[in-house]
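Participant: Kindly return the folded structure for what I paste below:
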Amino acid sequence: MHLPWHEPFDRFARLFARAEQAQPKDPNQMWLATVDARGRPQLRVVLLKGCDVRGFVFFTNYESQKARALEKHPYAALDFYWPALEEQVRVEGTATKVSAEESDAYFQTRPRASRIGAWASDQSRPCSSRLELEARVAKATLVHAVGHIPRPPHWGGYRVEPDRFEFWRAHPFRLHWREQYEKSKDAWVRSLLYP
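Facilitator: Residues are numbered from 1 along each chain as shown. All right, here's what the predicted structure looks like:
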């Protein structure tokens, strides 16, 4: 069955609204999987900062492990799991950088200390000690003591444009409900999967 482009996004939005009610602490946590230059999978938790029919947005340092992995292999998998609902959504697709304007706008919504931290941290690089990090934060705090803090050029967002969704809901005896949406031109093909 071919479904309109917005169908799985609408379904995700309804589920996410329920998750915000049932699990108010960080319902936007998502596991992000990438593959590094050697073909080894990498997995970490990031925060969803935007979702519409264009895809799922998160922000990071463009020199981080995840960003370097996406430069080599621009494919990503996301996983949302809400224990309070016993529901999960898996998403697979292509990751591309969001516009500088979109990154600038989001950066200015972050707490001031988080903006300073983005300047101070060489994310994913070796750090000799916690003292070194604190010294870098102190220096960045002095540099940006007053006024506007611009977004660092090495920091911004990615949008994962899905080509596959899977909605999962727990059922007794591990006979879980699994429903898949796969991209087909400008529509989605929906199918059920065995648990």
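Participant: Kindly export the helix or strand harbouring Arg14 (C-alpha atoms) in PDB.
Facilitator: Applying DSSP states H and E as the criterion places Arg14 in helix 7-22. Taking C-alpha atoms only, helix 7-22 is exported to PDB below (Å, rounded to 0.1, in the frame of the first residue of the first chain):
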ATOM      1  CA  GLU A   7       2.300   9.500   7.000                       C
ATOM      2  CA  PRO A   8       5.100   8.000   9.100                       C
ATOM      3  CA  PHE A   9       6.200  11.500  10.300                       C
ATOM      4  CA  ASP A  10       2.600  12.200  11.500                       C
ATOM      5  CA  ARG A  11       2.600   8.800  13.200                       C
ATOM      6  CA  PHE A  12       6.000   9.600  14.900                       C
ATOM      7  CA  ALA A  13       4.700  13.000  16.000                       C
ATOM      8  CA  ARG A  14       1.700  11.500  17.700                       C
ATOM      9  CA  LEU A  15       3.800   8.900  19.400                       C
ATOM     10  CA  PHE A  16       6.400  11.500  20.500                       C
ATOM     11  CA  ALA A  17       3.600  13.600  22.000                       C
ATOM     12  CA  ARG A  18       2.500  10.600  24.100                       C
ATOM     13  CA  ALA A  19       6.100  10.000  25.100                       C
ATOM     14  CA  GLU A  20       6.500  13.600  26.300                       C
ATOM     15  CA  GLN A  21       3.500  13.000  28.700                       C
ATOM     16  CA  ALA A  22       4.600   9.500  29.800                       C
END
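Participant: Quick check: what element follows it along the chain?
Facilitator: Toward the C-terminus, helix 7-22 is succeeded by strand 29-35 as the next helix or strand (DSSP H and E).
Participant: tell me the angle the helix or strand that comes right after that next one makes with strand 29-35.
Facilitator: Note on strand 29-35: by DSSP H and E, the next helix or strand toward the C-terminus is strand 41-47. Strand 41-47 runs at 150 degrees relative to strand 29-35, counting by axes from the mean of the first three to the mean of the last three CA atoms, to 10 degrees.
Participant: and strand 41-47, what does it pack onto?
Facilitator: Secondary-structure packing of strand 41-47 (3 or more CB pairs under 8 Å, 6 or more residues apart in numbering; DSSP states H and E): strand 29-35, strand 55-61, helix 65-72. Just so you know, the C-beta spots here come from the backbone N, C-alpha and C atoms, and that holds for glycine as well.
Participant: I'd like these written out as JSON lines, with distance to Asp104 and mean neighbour count added.
Facilitator: Formatted as JSON lines, the helices and strands packed on strand 41-47 follow (distance: least, CB to CB, whole Å; neighbours: other CB atoms under 10 Å):
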{"stretch": "strand 29-35", "distance to Asp104": "22", "mean neighbour count": "19"}
{"stretch": "strand 55-61", "distance to Asp104": "11", "mean neighbour count": "21"}
{"stretch": "helix 65-72", "distance to Asp104": "17", "mean neighbour count": "18"}
